[in-house]
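Visitor: For reference, the sequence and a predicted model appear below.
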Amino acid sequence: MRADDVIALLRQTGAFQTGHFLLSSGMHSPQYIQCALLLQYPEHAARVGAALADRFRASRPQAVIGPAYGGMIIAHEVARALGARSLFAERVEGKFELRRSFAIAPGERVLVVEDVVTTGAATREVARLVERLGGVVVGVGAIVDRSAVPLRFDCPVEALAAIEAPAYIPSLCDLCREGVPLVKPGSRSWPAAVG
């Protein structure tokens, strides 16, 4: 699946949004990728999941994990395509943990996936959780990489598409000065103020 195909699918499903958004990082952006709108269609979820799985098949992941909520569906679809287990990490008192009796066996090969990676903070936190529990992170994957700088992990990183989306600290946001209403999409609570 080519990057252009992924971006076309994001546009077709309304996942590629424009407006005035508050990101989890606390930054403001005129663009937001709401992958839930793409993943609400099982055929699209299966297609992008299979494409992402193909990027990591040689790494032989035994489990695929994503952070709740954004990474849950894509983790499931990637795991299905690889014939691996699917897990998700949930925040407990602000930190990602495994709940619901999920476990990672010592030495288990685990792929960490996310729908959209911006700073990589959540993905990095889930990778550390996997390692703390004895697993081996064999890769990091995402549907969309919208990071401003190259992501750095101690394993292979792959995204189906990369999108350049501007992000501003609130004090330098033109949309704030123009009075455009700010929208906080996604599932996380309002982030701490930045800038």
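Guide: Yep, that arrived. Numbers count the residues shown, from 1 in each chain.

Visitor: and A58, that one's in a helix?
Guide: Yes: when DSSP: H, G, I helix; E, B strand; the rest coil is applied, A58 is found to be in a helix.

Visitor: please begin residue numbering at 59 from this point
Guide: Right, with 59 as the first residue, what we last looked at is A116.

Visitor: Please list all residues in contact with it.
Guide: By Cβ atoms under 8 Å, 6 or more residues apart in numbering, the contact list for A116 is empty. Every residue, glycine included, has its C-beta placed from N, CA and C.

Visitor: Tell me the spacing between it and F160.
Guide: Noted for A116: a distance of 25 Å to F160, by Cβ to Cβ, to the nearest Å.

Visitor: Likewise for A180?
Guide: 17 Å.

Visitor: Okay, the residue positioned nearest the centre of the chain and Q75: tell me how far apart.
Guide: Nearest residue to the geometric centre of the chain (Cα atoms, centre = their mean): E172, 2.6 Å. Distance, E172 to Q75, using Cβ to Cβ: 18 Å.

Visitor: How about D212?
Guide: Taken as Cβ to Cβ, the span from D212 to Q75 is 33 Å.

Visitor: what's the spacing between stretch 94-105 and its chain's center?
Guide: With Cα atoms, centre = their mean, to the nearest Å as the basis, stretch 94-105 stands 14 Å off its chain's centre.

Visitor: what's it in contact with?
Guide: 59, 67-68, 71-73, 106, 128, 131-132, 135, 138-139, 173, 201.

Visitor: 10 Å instead, please
Guide: Where contact means Cβ atoms under 10 Å, 6 or more residues apart in numbering, the residues beyond stretch 94-105 that reach it are 59, 63-64, 67-75, 92-93, 106-107, 127-128, 130-132, 134-136, 138-139, 173, 201-202, 243-245.
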